[in-house]
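Engineer: Could you work out the structure for the sequence below:
(one chain, ligands or ions: 1)
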Amino acid sequence: MQLDHVEYEVEGQVGVITLNRPEAANAQNMKVLMELDSAWRRADEDPGVKVIVLRSNGKHFSAGHDMTGSDTVAGKPISDVITTPEGHYDWETRHYLHYAKSWREVPKPSIAAVQGKCIAAGLMLCWPCDLIVAADNAEFSDPVLYMGICGVELHAHTWEFGARKAKEILFTGGSITAEEAREVGMVNKVVPLDELMTSTMALAERIAQQDAFALRMAKRAVNHTLDIQGYTTAIDSIFDMHHFGHTRARVVNDGYPSLAGLSSMKEKGKGEGQ
Ligand code: ZN
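Structural biologist: Here you go, the predicted model:
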């Protein structure tokens, strides 16, 4: 696949995936997601790669899904192609939920390096990684309640933030800092912005000294424990709630997809720097 918005390179035993769309705050359209998935597959399949690092160029890690209408299918806007609730459900299952879940399942350790804002679907890029290193200017938020939806497609909030913090972040649409994210266990370490990559690569190289199969089994052990606790089952069922939100918004607002809350989200963003 031709990579236009994503770079992939191997440094020693570390495969480095770089989201490179800084002019759009690394917003994700379908091409970006497909390119990211292609890079994840290359890192997974390369026997010389033991650890995967996911990073972004620019000020912000990712502003979430691209809401500018840049996505097209056969030259038409997606909203002209996906005209039914079931079509939308199928689309987001295949392209949003599936990617995030499958990146989590890549059997090699992965580390996300996050700087600046990580908004909504931005979380669906870093949460599937095993470890998260955050720059001290990182902020995490999921303000999609303004669209009448219970959160982004991958409901890992409760696991990642803890139940009360998850509710606070969702209810208010506010953000938490890198340090707060570290305190609740979502982020492994917080480092100065200018040390983000050196610190992340040092961690990756240290992990790469371990036996590859032992790393694979250690990752599997933790993920399997989360799954026994209901992680994947909860995510799959809450995805349906997410889609009831989409469908209701479509009916209530007579638009598709409903972006009725987007203006208030943007207004709020001006005030809170989201
Ligand atoms: Zn959605």
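Engineer: Show me the strands in the chain, by range?
Structural biologist: Shown for the chain, the strands assigned by DSSP state E span residues 6-11, 14-19, 51-56, 72-73, 76-77, 110-114, 117-119, 131-135, 139-141, 175-177, 189-191.
Engineer: Now do the first one: which elements does it pack against?
Structural biologist: Strand 6-11 is packed against strand 14-19, helix 30-45, with contacts defined by 3 or more C-beta pairs under 8 Å, 6 or more residues apart in numbering; DSSP states H and E. Placement of C-beta: from N, CA and C, glycine included.
Engineer: got the angle for it vs strand 14-19?
Structural biologist: 160 degrees (axes from the mean of the first three to the mean of the last three C-alpha atoms, to 10 degrees).
Engineer: Check the third one too.
Structural biologist: Counting by the same axes, to 10 degrees, strand 51-56 lies at 20 degrees to strand 14-19.
Engineer: what's the distance between strand 51-56 and the middle of its chain?
Structural biologist: Offset of strand 51-56 from its chain centre (C-alpha atoms, centre = their mean, to the nearest Å): 12 Å.
Engineer: Can you give the strand pairings for it, parallel or anti for each?
Structural biologist: Sheet pairing of strand 51-56 (DSSP bridges) gives strand 14-19 (parallel), strand 110-114 (parallel).
Engineer: one step back: by mean pLDDT, show me the worst of the strands of the chain.
Structural biologist: Lowest mean pLDDT within the strands of the chain: strand 72-73, a mean of 72.
Engineer: Let me have the strands of the chain in JSON lines, adding distance to residue 89 and mean neighbour count as columns.
Structural biologist: Compiled in JSON lines, the strands of the chain are given as follows (distance: least, C-beta to C-beta, whole Å; neighbours: other C-beta atoms under 10 Å):
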{"stretch": "strand 6-11", "distance to residue 89": "27", "mean neighbour count": "15"}
{"stretch": "strand 14-19", "distance to residue 89": "26", "mean neighbour count": "24"}
{"stretch": "strand 51-56", "distance to residue 89": "27", "mean neighbour count": "25"}
{"stretch": "strand 72-73", "distance to residue 89": "16", "mean neighbour count": "13"}
{"stretch": "strand 76-77", "distance to residue 89": "19", "mean neighbour count": "11"}
{"stretch": "strand 110-114", "distance to residue 89": "27", "mean neighbour count": "27"}
{"stretch": "strand 117-119", "distance to residue 89": "23", "mean neighbour count": "27"}
{"stretch": "strand 131-135", "distance to residue 89": "29", "mean neighbour count": "25"}
{"stretch": "strand 139-141", "distance to residue 89": "25", "mean neighbour count": "24"}
{"stretch": "strand 175-177", "distance to residue 89": "29", "mean neighbour count": "19"}
{"stretch": "strand 189-191", "distance to residue 89": "37", "mean neighbour count": "18"}
